[in-house]
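Enquirer: got a predicted structure plus its sequence, pasted below:
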Amino acid sequence: MRLHWSPRSPYVRKVVILAHELGLYSRIDRVRSVAVTTQPNPAIMADNPLNKIPTLVLEDGRALFDSRVICEFLVGLSRGSSFLRRDEGYYDTLRWQALGDGMLDLMIAWRGEQLRPEAIRSDAHVAAFAIKLDRALAVLEEEVPALEMARFDLGHIAIGCALAYADFRFGDRQWQAAHPALANWQREFEARPSALAAPIIDD
């Protein structure tokens, strides 16, 4: 399998961490790929017309894209994994995954707005992004006990990747001070071997 990959992408990181957790990482060849909204990359678009990463090209040539789709495929490959098990915690996992992915969606849109020329930047959008992120962090702070009690699953990975991206691109906000339980949870997440093997870096 061949993965269009970047160490800056939190969605790629989500896939890579899961691959490590499932013992599948050695089966994936990484291809360094740069996906920029305003500069379509022909190498990525040959496999994904949306010019997005992660994109996973399977051994039969089919390409899967969107981190959720790729993660579900990897879980299916692993056979016997406890990830995405359809038990009483299944919808909690999906909800946490949606919350983590949604935080990433808004932070990436926020960063895109920041990079626009000041004359056309939308202060209303920037303010709304900040309000939504702060509320998501507050909700997660309240849910730390539930996260700690639940079986480690894809929702935990999505939230961990979102918090790491908040530090990566919005470190000046220093969200940890107002959310100490969540900050401690993140430290424990980042200490997992799978997370250590997939740091988010600006290469």
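Expert: Sure, I can see it. Numbering: from 1, shown residues only.

Enquirer: any idea how far Ile159 is from the residue lying farthest from the centre of the chain?
Expert: Distance to the chain centre peaks in the chain at Ala119, reaching 30.9 Å (criterion: C-alpha atoms, centre = their mean). Ala119 is 36 Å from Ile159, where distance means C-beta to C-beta, to the nearest Å. (C-beta placed from N, C-alpha, C; glycine too.)

Enquirer: now Phe73
Expert: From Phe73 across to Ile159, the span is 21 Å (C-beta to C-beta).

Enquirer: what do you get for Val139?
Expert: 11 Å.

Enquirer: could you do Glu148 as well?
Expert: 12 Å.

Enquirer: cool, and Gly112?
Expert: For Gly112 relative to Ile159 (C-beta to C-beta), the value is 22 Å.

Enquirer: so what's the residue lying closest to Leu18 once chain neighbours are set aside up against?
Expert: Using C-beta to C-beta, 6 or more residues apart in numbering and skipping the chain neighbours, the partner closest in space to Leu18 is Cys71 (5.2 Å). Contact partners of Cys71, counting by C-beta atoms under 8 Å, 6 or more residues apart in numbering, are 14-15, 18, 84, 154.

Enquirer: show me what the helix or strand hosting Ala127 is packed up against.
Expert: Assigned by DSSP states H and E, Ala127 falls within helix 123-149. Counting contacts by 3 or more C-beta pairs under 8 Å, 6 or more residues apart in numbering; DSSP states H and E, helix 123-149 packs against helix 90-115, helix 154-170, helix 180-190.

Enquirer: next, the buried residues of the first one.
Expert: When neighbours are counted by 16 or more other C-beta atoms under 10 Å, the buried residues of helix 90-115 are found to be 92-94, 96-97, 99-101, 103-104, 106-108, 110, 113.
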